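Trainee: Sharing a model prediction with you, sequence too.
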Amino acid sequence: MRFLHLAFVPACLIAACVARRPVPSSTGSTPVAAAEPVRNDGSPQAVAVHDVSEVTPPPVGAASEPVPGFMRGINLGNALDAPVEGAWGVKLEKAHFAMAKAAGLDHVRLPARFSAHADKKAPYLIESDFFDRIDWAIEQAKDNGLSLIIDLHHYEELMKKPSEHADRLVAMWKQIAEHYKSAPPSVAFELINEPCDQLTSDLLNPITQRALAAVRATNPTRTVFVDSFFWANAERLKELELPQDPNLVPSFHNYQPILFTHQGMPFMAPEFQTRPVVFPGPPATPVTPVAAGLKTDWVNTWFTSYNSAPVTENSNGPKAVFDYFQIVEDYVKTTKRRVYMGEWGVSVNADPKSRESWIRLVRKEAEKRHIGWAIWDDGGAFKAMDVKQGTWVAPIEAGLFH
Ligand code: GLC
């Protein structure tokens with residue numbers, strides 16, 4: 001797939017800097033009508049009038065080799081990646097791990113903001129309390145037979161000033177690697193979550209290689225995941241320059257189409273605020289984008305397709321999902337590397353049926369290609385499970401497991 005438009009949102013609109021490139025749009029027309037269903041909270045909400053099964057998936061061209069132990073997982077987000085655990089309303093509990101295991105998952109990805117728990121000056125010592133907390137999480141994972149990825153998340157200063165923060169990143173990885181050098185192979189590392197902003201591929205590559213060398217000095221065979229530039233965009237995988245290392249796994253994130261998965265998210269720019277957006281399009285009644293969307297070319301084009309193109313071609317349809325996986329396939333074919341989908345999900349702002357349809361479709365397409373995944377996440381606006389109640393959020397559970 002070629003991306004026709006590049007939407008670049010100023011980074012860090014709030015604490016979480018999140019923006020991703022949209023898919024290209026296409027045009028066509030088949031407006032359809034449907035009854036107005038009722039939202040979970042009782043208010044009316046649009047839902048899709050089409051079904052993803054109306055579109056035939058393309059055959060799989062190239063599959064990844066699996067990454068054993070890291071095939072089906074959940075991100076335990078909004079906890080250790082917050083400035084302080086609990087600041088974003090989530091504290092890790094034993095139940096997180098027990099629920100993941102009971103659901104049949106094989107791993108958890110643990111986003112952790114090491115940069116908020118390490119000295120600002122060399123040798124950049126990481127707080128022992130923070131290590132204790134991660135040690136605890138690893139114990140929980142082990143007790144439940146789960147693998148775990150230590151994911152260095154939200155190093156925002158590195159994104160803004162890569163050269164100034166490179167030494168600190170490498171020093172942190174040296175310490176993390178030393179600390180976990182005797183951990184079992186079920187513990188993996190992820191060097192930098194979602195490189196963005198100024199951490200472009202030309203800077204990301206040498207920094208990644210330095211961090212990896214620090215890890216390999218003490219952990220010669222540990223599984224290490226590496227994200228591509230632009231919030232781990234699949235299209236940027238090909239810009240990664242990695243050594244031939246069988247235990248190195250390039251990782252991409254999948255939130256396409258972003259105007260659907262991140263609709264109305266307060267941390268996104270104004271042009272992302274149009275809702276409702278149903279999956280798949282077209283909707284029963286055309287939607288007018290918010291003013292900022294109307295002023296943004298790629299958003300406008302995307303909504304023209306969403307409102308009128310047939311489901312087979314719709315900018316918010318299965319084709320957008322297939323096209324994104326095609327990029328990954330091309331990468332796998334060219335490089336013969338394994339890949340991993342470390343984040344994907346759709347926010348609570350989408351209606352339950354659309355969430356379920358998108359999640360099931362993305363999961364199936366990933367699994368057909370033997371791509372391991374971790375859904376985003378247990379808490380926050382993409383909430384998949386309620387650990388207090390011990391229940392999964394119904395549309396997520398249905399899409400993931402049924
Ligand atoms: C990224 C961000 C996280 C956000 C998620 C979904 O991982 O780090 O804060 O919630 O993507 O947008």
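Mentor: Received, thanks.

Trainee: so what secondary structure elements neighbour the strand or helix carrying residue 141?
Mentor: Using DSSP states H and E, residue 141 falls within helix 128-143. For helix 128-143, the packing partners by 3 or more Cβ pairs under 8 Å, 6 or more residues apart in numbering; DSSP states H and E come out as helix 94-102, strand 107-112, strand 147-152. From N, CA and C alone the C-beta is placed, and that goes for glycine too.

Trainee: Now tabulate these in CSV and tack on mean pLDDT.
Mentor: As requested, the helices and strands packed on helix 128-143 are exported to CSV (pLDDT from 0 to 100):
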stretch, mean pLDDT
helix 94-102, 98
strand 107-112, 98
strand 147-152, 99
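
Trainee: and the helix holding residue 141 with helix 94-102, angle?
Mentor: 30 degrees (axes from the mean of the first three to the mean of the last three Cα atoms, to 10 degrees).

Trainee: Distance of residue 125 relative to residue 174?
Mentor: Look at residue 125 and residue 174: by Cβ to Cβ, to the nearest Å, they are 11 Å apart.

Trainee: what's the closest of the helices and strands packed on helix 128-143 to residue 280?
Mentor: Comparison of those against residue 280 by Cβ to Cβ identifies strand 107-112 as nearest, at 27.7 Å.

Trainee: could you check whether that closest one is close to the ligand?
Mentor: No - Strand 107-112 stays clear of the ligand (Cβ under 6 Å from any ligand atom), getting no nearer than 6.8 Å.

Trainee: For that strand, name the packing helices and strands.
Mentor: Strand 107-112 sits against strand 72-75, helix 94-102, helix 128-143, strand 147-152, strand 372-375, with contacts defined as 3+ Cβ pairs under 8 Å, 6+ apart.

Trainee: 10 Å - rerun?
Mentor: Under the contact criterion of 3 or more Cβ pairs under 10 Å, 6 or more residues apart in numbering; DSSP states H and E, strand 107-112 touches strand 72-75, helix 94-102, helix 128-143, strand 147-152, strand 187-190, strand 340-344, strand 372-375.

Trainee: can the helices and strands packed on helix 128-143 go into TSV with extra columns for mean neighbour count and distance to residue 194?
Mentor: Output for those, formatted as TSV (neighbours: other Cβ atoms under 10 Å; distance: least, Cβ to Cβ, whole Å):
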stretch	mean neighbour count	distance to residue 194
helix 94-102	19	22
strand 107-112	26	10
strand 147-152	26	10
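
Trainee: Distance to residue 338 for those - can I get that in TSV?
Mentor: What follows is the helices and strands packed on helix 128-143, written out as TSV (distance: least, Cβ to Cβ, whole Å):
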stretch	distance to residue 338
helix 94-102	22
strand 107-112	15
strand 147-152	14
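
Trainee: I'd like to know which of the ones you listed lies nearest to residue 386.
Mentor: Of all the helices and strands packed on helix 128-143, helix 94-102 comes closest under Cβ to Cβ, at 9.1 Å.

Trainee: Stretch 276-291: end-to-end distance?
Mentor: Using Cα to Cα, to the nearest Å, the end-to-end distance of stretch 276-291 comes to 15 Å.

Trainee: Please identify which of residue 125 and residue 174 sits among more neighbours.
Mentor: Between residue 125 and residue 174, counted using other Cβ atoms under 10 Å, residue 174 has the larger neighbour count: 19 against 13.

Trainee: now for the helices and strands packed on strand 107-112, which one comes closest to the ligand?
Mentor: Among those, strand 340-344 comes nearest to the ligand, with 5.3 Å by Cβ to the nearest ligand atom.

Trainee: pLDDT (mean, whole number) over the closest one?
Mentor: Throughout strand 340-344, pLDDT has a mean value of 98.

Trainee: Restricting to C-alpha, output it in CSV.
Mentor: What follows is strand 340-344, C-alpha atoms only, in CSV (Å, rounded to 0.1, in the frame of the first residue of the first chain):
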residue,chain,number,x,y,z
TYR,A,340,5.6,-8.8,16.1
MET,A,341,2.5,-6.6,16.5
GLY,A,342,3.2,-5.1,19.9
GLU,A,343,0.2,-2.8,20.1
TRP,A,344,-3.2,-2.7,18.4
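
Trainee: Buried ones in that strand, by neighbour count?
Mentor: 340-344 (16 or more other Cβ atoms under 10 Å).

Trainee: and if you look at stretch 309-323?
Mentor: 309-323.

Trainee: ok, now stretch 227-247?
Mentor: Applying 16+ other Cβ under 10 Å to stretch 227-247 flags 227-237, 240, 242 as buried.

Trainee: and that stretch, how far apart are its ends?
Mentor: 14 Å.

Trainee: Could I get the full set of helices for the stretch 201-350 of the chain?
Mentor: 201-216, 229-232, 258-261, 291-294, 297-308, 318-335 (DSSP state H, counting those that start in this stretch).
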